[in-house]
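K.L.:
quick one: sequence plus predicted model below, questions after.
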Amino acid sequence: MRFGVLAVSVLLITSACSAPRPEKSTGFPIAGSYEIDAVFYPEKSVMKAAAVVNAHTDQSDSIIFFLHGELNIDSLFVNGVKTEFASSKEYTYYNYSLVVNRTAFSHPANNAGELELTVYYSGYFNPSRARSPSDYMRIDPDDGVLLRSFPYSIWFPVFQHGTVESYPVDFTRVSITTPKEFRALFSGEMISEEVKGDERVSVWQAMGLDYSNAQCTARKYEVLSGEGIYVYHLRNDSSRAHARDILTLAKNINNDYAENYGEPADKNTLYIMEMPKYGDISSANVTGISSEAWYNFDKATWPKILIAHELVHPYVQINLPPSNPFYAFAIEGFPSYFHLPALGKYVGDGWYEKRMLQIEKSYLAKREKGIGRRGRPLPPEAPILSLSVDNIASYKDTFVLNDRVVLFFDYLMRKTGEERFMQFSKELFARDDLDYDIFEALVLKYAPDIKDELAVWLKSTEYPAEFRLQ
């Protein structure tokens, strides 16, 4: 039965790895794996689900987990034993509806340690009126299922909320059932999909997925595919035409990356999906493009930037521990630049050079005024190599980890020439470790006269005249 006690049936993907434990204690139980069986009824804005969470905890009393504020717990089992619980509503700024369901339970002290929590729950996901229209999460008859994960719209049990960081877990099996005219996407890899009567059931797996990336989308999609890329689009001629253009871009960009950067570290399937207004998302290997961008794809550049940026991650990925001083630079800095040369060749018309000038202008304005493009205060500028896993979120997409990093790599390309820069790039991304000495030696191999400049770029916030484009 769909909502009987779930049996743990782990589906294996040969390249999958178990999720590592977080390096720091979060003060909550630590989830290790999830199995989720979710059924969506878009015409009623309702979902019904069962989730098995395997976790580790040192607690026995007052263990707490959270769900979206409109979802209710139907029953709860701890290590196979039906358990009493207490649920209440709690305010949080971070959930899109500003309310979460807080559920507390206890279990015998001798069971502290490994914990198997089975939760049966159901409820609504109505549109939020509490915050901005960009909080598009909901389940409805027209747009279908549009759910983000922690902390936006918690559609499966998590042990933390608010400002506490998420971490990787293993989604060993996620089954999504919808009316048959809908197609569902989850982050990770689809294992199977079949129509059973009036329902469509897809089964997914995502090992080592940060649960903040565990999005779930289901709409009345058709699918266009090629070379490991799947484009989910709506059923109209205009949407199909733009899906073909998007797939063409994605394939061309991927081929350029493979030629210049080598084999990707992670060969996950890429899913690109059409979404409603404000629905621009990036969740692991799933990229969502809003309707405005989708239907203006041939007229606007930023959707192309989004797709190219998401595609480049596995090609420029160096598996560094968070304690490595190059971690922030590599994880968020490298992808901020290395999609741009390939996209420049695809777009043409001097786009790359114009883009560099725009980025420099933006960077100089931010340095002078201390505010971002939306008028919000920026954190104080810091050297690239002073950034760490703890402040990576403050500097990516808005300041140092895109603007200064992009300008640095452009400077290096100007010093080496494009052909030698691509040789440098391929050698860089073939590495499995990185520190300053290694990076410096590699840079000086291709640009032997910039030892002092390299230190200024990476270890200071100076931006002298000789670095500038204009």
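P.N.:
The structure has been received and is ready for your questions. Numbering: from 1, shown residues only.
K.L.:
where does the nearest residue to residue 388 once chain neighbours are set aside land in three-state SS?
P.N.:
Of all residues not flanking residue 388 in the chain, residue 328 sits nearest, at 5.8 Å (CB to CB, 6 or more residues apart in numbering). All C-beta spots, glycine's among them, are computed from the backbone N, C-alpha and C. Assigned by DSSP: H, G, I helix; E, B strand; the rest coil, the conformation of residue 328 is helix.
K.L.:
what's in contact with stretch 325-336?
P.N.:
With contact meaning CB atoms under 8 Å, 6 or more residues apart in numbering, stretch 325-336 is reached by 309, 312-313, 316-318, 320-321, 384-385, 387-389, 391-392, 395-397, 401-402, 405-406, 434-436, 439, 458.
K.L.:
over to stretch 276-294?
P.N.:
With CB under 8 Å, 6+ apart, stretch 276-294 has contacts from 133-136, 143, 146, 148-149, 185-188, 206, 209-210, 213-215, 217, 233, 239, 242, 246, 268-275, 297, 300, 302-303, 306-307, 309-310.
K.L.:
are any of these buried, and if so which?
P.N.:
Neighbour-count burial (16 or more other CB atoms under 10 Å) applied to these gives 135-136, 143, 146, 148-149, 185-188, 206, 209-210, 213-215, 217, 233, 239, 242, 246, 268, 270-275, 297, 303, 306-307, 309-310.
K.L.:
from these, which land in helices?
P.N.:
Among the buried ones among the contacts of stretch 276-294, the members falling in helices (DSSP state H) are 239, 242, 246, 303, 306-307, 309-310.
K.L.:
state the mean pLDDT of stretch 218-238.
P.N.:
Across stretch 218-238, pLDDT averages out at 96.
K.L.:
no, scratch that, I was asking about stretch 193-203
P.N.:
Here the average pLDDT along stretch 193-203 is 98.
K.L.:
do stretch 344-363 as well
P.N.:
The pLDDT scores in stretch 344-363 average 95.
K.L.:
need the CA coordinates for it. CSV is fine.
P.N.:
Taking C-alpha atoms only, stretch 344-363 is exported to CSV below (Å, rounded to 0.1, in the frame of the first residue of the first chain):
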residue,chain,number,x,y,z
GLY,A,344,31.1,34.6,-25.7
LYS,A,345,31.9,32.4,-28.7
TYR,A,346,28.3,31.2,-28.9
VAL,A,347,26.7,34.7,-28.7
GLY,A,348,29.4,36.5,-30.7
ASP,A,349,29.4,40.2,-31.6
GLY,A,350,32.0,41.1,-29.0
TRP,A,351,29.7,40.0,-26.2
TYR,A,352,32.5,38.7,-24.0
GLU,A,353,34.5,41.9,-24.1
LYS,A,354,31.4,44.0,-23.4
ARG,A,355,30.5,41.7,-20.5
MET,A,356,33.9,42.3,-18.9
LEU,A,357,33.5,46.0,-19.2
GLN,A,358,30.1,45.8,-17.5
ILE,A,359,31.5,43.7,-14.7
GLU,A,360,34.4,46.1,-14.1
LYS,A,361,32.0,49.1,-14.0
SER,A,362,29.7,47.2,-11.5
TYR,A,363,32.7,46.2,-9.4
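K.L.:
quick one: buried residues of it?
P.N.:
Neighbour counts over stretch 344-363 (16+ other CB under 10 Å) mark 344, 347, 351-352, 355-356, 359-360, 363 as buried.
K.L.:
which of those residues sits closest to residue 118?
P.N.:
residue 359 (49.7 Å; CB to CB).
K.L.:
what residues are up against that closest one?
P.N.:
Contacts of residue 359 by CB under 8 Å, 6+ apart are 402-403, 406-407.
K.L.:
for residue 117, same thing?
P.N.:
For residue 117, the contact set (CB under 8 Å, 6+ apart) comprises 52-55, 65, 76-78, 157.
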